[in-house]
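Enquirer: fold the following for me, if possible:
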Amino acid sequence: MPSSGGNALDLLCGWPADECSPKRLLYYLGNVGNGQSAFSIKFDVTDSPHALPSGVTLYPMNATTIPCSSPVGKRSRCSCRDCGAVPSPTTTVAPIPAYPCTNSQKGGIQKAPGYASLHLLIQRLGNHSRIQHFYPPPSLQSIMFQAVFEKAFLHQILDLQTKIQTWSFTMASTSVTLDNICLHDNVTKHCTVPSVLQYFQNSNRNVDKKVMDSSGFFIMADYLDHLLICFRKPQTTLDRPLNLSCVSDYGGVVEPSQIFCGYDGSNYQNSTQLVMTFVIKDPPGVSCCYCVGERNSKVHPDVAKRQQGSEDHHLL
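Expert: Residues are numbered from 1 along each chain as shown. Okay, the predicted model is just below:
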C-alpha cells in the first residue's frame, strides 16, 4: 500500500500484517471501535454447518481464493509492496529517509531525484526534569520519559510545525506555501511531514485525550500510553481505549527512527531531540528545497527571540 508506506492488511486488521489472523481480521472489521464500522458484527469461525431454530442451516463459506498476483474482474492485481508474487516495477515511491543522528549533525537537507527532505532537529532549552509515567492500575510500575515529551512542549512543537507549513515565499515571481510544493498523497491531500505529532494526526485535541477509571481518579490511558503503543507498532490503526491511530494524517506509517534522536536501542522514550521532516517535490530546474531552506534560515533569529517568551525549543 504505497500511500501508507505499509501493508494494506496492517490497516484492515488493526494488527501488524505478520500477526494478523482470520479471527483478528473479522473481529476488527466487525468492531464499531475501529471508527469505520457502522454496527457490530459477530463472526463465528467454524468448519461445521450451523442449524438455526427456524430450520435454516448455515454452511461455512467455501469460496475460491484468488492469488494477490491475479486481477479480479476489472480490478488490477495487488502491488508488489503487498504481494511478493508481483515483480517490482522499475519506478519506486520516494522513501522518507531516517535522520542521520550524530553529534555533529544540525539539521539539513537530503536530496534525491524528484524530491528532497528538509530535516529540522529540535531540542529543549534549559534544565527540565524527566517525566515519570505510571502504567494504568493495578500496576505500580512506571517508566521515565525525557523532557521533550512533556505535553505542553508537544503543543509548542505542533504550533511550530503548523506555522512552518503556512509560511509563504516567492519562487519564480509566484507566492507559494509549503502546501504547494510538498509531497502529498492524492487521497488525503496532507503534506508528508513525519514528526512525533503525526502519532496524534497533528491534533492538539488528540494529544490532550485521556481516559479515566470509573471513579474519575485514576488515569487509565493518556498521550504517553499512546506513544508507547506507537513506538512498538507504528502501523497501529486503533489504540484502545483512547480510540486513536498511530498512522499519520497523510496516510503513512511513521517509524520512530525517522522522528527521534538521542535514544538508546529501541527505548524511544529516552530521546533527547525531536526530528521534523518536510518532504518537498523538487522538479527539474527548480530547487524548491533551496527556497524552503533559505526561508528557514531567515526565520531562525525570530524563533530564537520568541524562545525568551513562552517557547523553550531550539532548532538546529
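Enquirer: ok, which stretches of the stretch 101-250 of the chain are strands?
Expert: With DSSP state E, counting those that start in this stretch, the ranges of strands along the stretch 101-250 of the chain come out as 108-112, 115-124, 131-134, 142-145, 168-171, 174-177, 211-212, 219-221.
Enquirer: give me the domain ranges for this structure.
Expert: With domains defined by automatic domain parsing, the chain comprises 8-58, 108-315.
Enquirer: what ranges of the stretch 51-200 of the chain fall below the confidence cut-off?
Expert: Low-confidence segments of the stretch 51-200 of the chain, defined by pLDDT under 70, span residues 79-82, 84, 86-98, 102-107, 112.
Enquirer: helices along that one, start to end?
Expert: Secondary structure of the stretch 51-200 of the chain, counting by DSSP state H, counting those that start in this stretch: helices at 151-165, 178-181.
Enquirer: Val207 is in contact with Phe200, correct?
Expert: Yes. Using Cβ atoms under 8 Å, Phe200 is in contact with Val207, at 4.9 Å. Quick note: C-beta positions are derived from backbone N, CA and C, even for glycine.
Enquirer: tell me which of those two has more neighbours.
Expert: Phe200 (26 against 23; other Cβ atoms under 10 Å).
Enquirer: how about the nearest residue to the more buried one, chain neighbours excluded?
Expert: The shortest distance from Phe200 to any non-neighbouring residue, by Cβ to Cβ, 6 or more residues apart in numbering, is to Asn206 (3.9 Å).
Enquirer: number of nearby residues for that neighbour?
Expert: Neighbour tally, Asn206, other Cβ under 10 Å: 17.
Enquirer: ok so, going back, now the helices of the stretch 51-200 of the chain in a markdown table, with distance to Met61 and mean neighbour count?
Expert: Output for the helices of the stretch 51-200 of the chain, formatted as a markdown table (distance: least, Cβ to Cβ, whole Å; neighbours: other Cβ atoms under 10 Å):
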| stretch | distance to Met61 | mean neighbour count |
| --- | --- | --- |
| helix 151-165 | 46 | 17 |
| helix 178-181 | 46 | 17 |
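Enquirer: could those go into a markdown table alongside distance to Val45?
Expert: Below are these laid out as a markdown table (distance: least, Cβ to Cβ, whole Å):
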| stretch | distance to Val45 |
| --- | --- |
| helix 151-165 | 41 |
| helix 178-181 | 46 |
